[in-house]
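K.L.:
just to be clear, the model below is a prediction. Sequence and coordinates:
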Amino acid sequence: MSFSDSVRHCYQTDLEGIRSTGLFKEERYIHSPQSSDIEVEFPVGSAIRKCISICSNNYLGLSSHPEVIAAAHAGLDARGYGMSSVRFICGTQDIHRELEKRLTEFLGTEDTLLFPSCMDANAGFFEACLNERDVMIADRLVHASIVDGMRLCKAMQDTFKHSDMGHLEEKLKEHQDKRFRLVITDGVFSMDGDTAKLSGIVTLAEKYNAMVFVDDSHATGFIGKTGRGTHEHCGVFGKIDVITTTLGKALGGASGGCVSGRRELVEMCRQRARPYLFSNSVAPVIVAGALKVLELISATTERRDKLEWNARYWRSLLKEAGFDLKEGDTPIVPVMLYDAKLAQGFARDLFDEGVYAVGFFFPVVPKGQARIRTQLSAAHEKHHLDTAIEAFKKVGKKHGILGLGKKDLLAKFAA
Amino acid sequence: MDEITKVVRDYIIREYVPEGEDQEITEATPLITSGLVDSFSMVSLLRFLEKKYAIHIPDAAATPEAFDTVERIVALVRQFQKAEVGSV
């Protein structure tokens, strides 16, 4: 079938629908390396402007670190640009396996398998390891990639209320007739910035004979005293059966992800996980960069300590200014606005003031929960945060929201 | 409000309405299209109905549309209650 006028019209109508509901996403072109100070072209065609970025996942500030760049250059020279093959044909180099071993040590697991992304790790894991005799019980706020992975799996799907241990226990009791029970959660929830109650989850999993799966993408490298992740933070290091995580955020931020955990589960992924079997793994240059990242963050906790300080400082600045925040102690600090249009306008005004932050609203977050998600980085210096808060205050004043709580904000913008 | 409607409505409030929120759920309140119940969480509801009323609702009938309001869910339960009786 050709791409006829009627087909084109159909897609144009759909796109117009996305636009008219205010959900149309537009990219902003960055003309500089990823960092706290970036140069942005937005809207496309407009003059490039310098701004402070407070919305990247560059938690440890390693995306453009000179030692990581040098290691990537060396890796490019030593192992080439691409593999032109999936892993099990001729796409595995010694450094792929070395990185898997380093990740295993860092995460305190039994084995690790690299994937092209954590999205792929989540898409591949469930189908590879569970079947119709099993049940997956997921926190209701898990990341979209987990939801997609669960959809591909024949095991029964169920959910528990966000971080509600009582509800999880009910579900575990209900599913005792299944062969395997797998409790699924994010380590740090990307939209709210709160941390999973992993200690409670592990206790329940032991009581009701269940496995535990944690996507620690927003935690690996900086949550926990030595940055190993949410399991370290919650005192259950070594007790999580499956951790999926990414190289695309704190660990250099390029791309790639992994499944790390019990040896047999990792091996099942090697045998059956389709995103692993049917796509190339991460390129040698990224593997070399990621090895350097692990070396850097294993040698010192300096960067995660700075990030922790930045997050605390930023949170205190926002609170003092009178913004309504989601409680938490991670580098994800959501500024709650509740109203989608306000969130969009607020982000636009911040950009005009030289601060790059993004508004999130339904369907990315529940209806009536619109917000500006701010994310801290070890690459932020105090002056970045002091400058950014002035922009937040100015825009907050413009919209008349400083000092307003949830009820007041809802009332003000419902009118 | 009849017994099935009350049971379904109470279950939805208990299971899906966040604690502390005074969201009203009527027989016509959109559940899935409003985002209150996601398609995964629908499975809990399906299992609950099947156990409570000793019926089997086939996957083909358990569509998001059929689960979008209390009214439709009750109609679905009634439909398969009849089917179970008919199959004896």
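P.N.:
Received, thanks.
K.L.:
helices or strands up against the helix or strand hosting residue A:40?
P.N.:
Using DSSP states H and E, residue A:40 sits in strand A:37-41. Using 3 or more Cβ pairs under 8 Å, 6 or more residues apart in numbering or on different chains; DSSP states H and E, the elements in contact with strand A:37-41 are strand A:29-30, strand A:48-53. All C-beta atoms are positioned from the backbone trio N, CA, C, and that covers glycine.
K.L.:
in its sheet, which strands sit next to that strand, and in what direction?
P.N.:
Its sheet considered, strand A:37-41 pairs with strand A:29-30 (antiparallel), strand A:48-53 (antiparallel) by DSSP bridges.
K.L.:
what residues sit buried inside the next helix or strand after the last one?
P.N.:
Beyond strand A:48-53 in the direction of the C-terminus, DSSP H and E gives the next helix or strand as helix A:66-79. Using 16 or more other Cβ atoms under 10 Å in any protein chain shown as the test for burial, helix A:66-79 gives A:68-69, A:71-72, A:75-76, A:79.
K.L.:
what residues does the helix or strand following helix A:66-79 touch?
P.N.:
Using DSSP H and E, the helix or strand that follows helix A:66-79 in sequence is helix A:87-90. Residues outside helix A:87-90 that contact it (Cβ atoms under 8 Å, 6 or more residues apart in numbering or on different chains): A:83, A:96, A:114, A:270, A:276-277, A:280-281.
K.L.:
nearest to residue A:336, of those?
P.N.:
The shortest gap between residue A:336 and any of the contacts of helix A:87-90 belongs to residue A:114, at 36.9 Å (Cβ to Cβ).
K.L.:
chain B contacts on the stretch 101-250 of chain A?
P.N.:
Taking Cβ under 8 Å from any Cβ of the partner chain as the criterion, the stretch 101-250 of chain A approaches chain B at residues A:138, A:140, A:147, A:150, A:156-159, A:161, A:171, A:174.
K.L.:
look up how far chain B lies from residue A:414.
P.N.:
14 Å (Cβ to the nearest Cβ, to the nearest Å).
K.L.:
ok, now which ones touch that residue?
P.N.:
Taking Cβ under 8 Å, 6+ apart as the test, what residue A:414 contacts is residue A:339.
K.L.:
which residue ranges of chain B form helices?
P.N.:
Counting by DSSP state H, chain B has these helices, from start to end: B:3-16, B:42-53, B:70-87.
K.L.:
give me the distance from the shortest one to the chain's centre.
P.N.:
Pointing back at helix B:42-53 there. Here helix B:42-53 is found 8 Å from its chain centre; the criterion is Cα atoms, centre = their mean, to the nearest Å.
K.L.:
other SSEs contacting it?
P.N.:
Using 3+ Cβ pairs under 8 Å, 6+ apart: helix B:42-53 touches strand A:156-160, helix B:3-16, helix B:70-87.
K.L.:
in a markdown table, list the ones you listed along with distance to residue A:349, mean neighbour count and mean pLDDT.
P.N.:
Shown next, in a markdown table, are those (distance: least, Cβ to Cβ, whole Å; neighbours: other Cβ atoms under 10 Å in any protein chain shown; pLDDT from 0 to 100):
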| stretch | distance to residue A:349 | mean neighbour count | mean pLDDT |
| --- | --- | --- | --- |
| strand A:156-160 | 37 | 23 | 91 |
| helix B:3-16 | 35 | 16 | 90 |
| helix B:70-87 | 41 | 15 | 82 |
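K.L.:
any idea how far the closest residue in space to residue B:5 that isn't next to it in sequence is from residue B:64?
P.N.:
Here the nearest residue to residue B:5 in space, its sequence neighbours aside, is residue B:74; by Cβ to Cβ, 6 or more residues apart in numbering or on different chains that works out to 5.2 Å. Going from residue B:74 to residue B:64 by Cβ to Cβ, to the nearest Å gives 16 Å.
K.L.:
so what's residue A:52 bridging to?
P.N.:
Beta bridges link residue A:52 to residue A:37, residue A:355, judged by DSSP bridges.
K.L.:
re the thing from before, adding distance to residue A:131, write the helices and strands packed on helix B:42-53 out as a markdown table.
P.N.:
Below are the helices and strands packed on helix B:42-53 laid out as a markdown table (distance: least, Cβ to Cβ, whole Å):
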| stretch | distance to residue A:131 |
| --- | --- |
| strand A:156-160 | 10 |
| helix B:3-16 | 26 |
| helix B:70-87 | 26 |
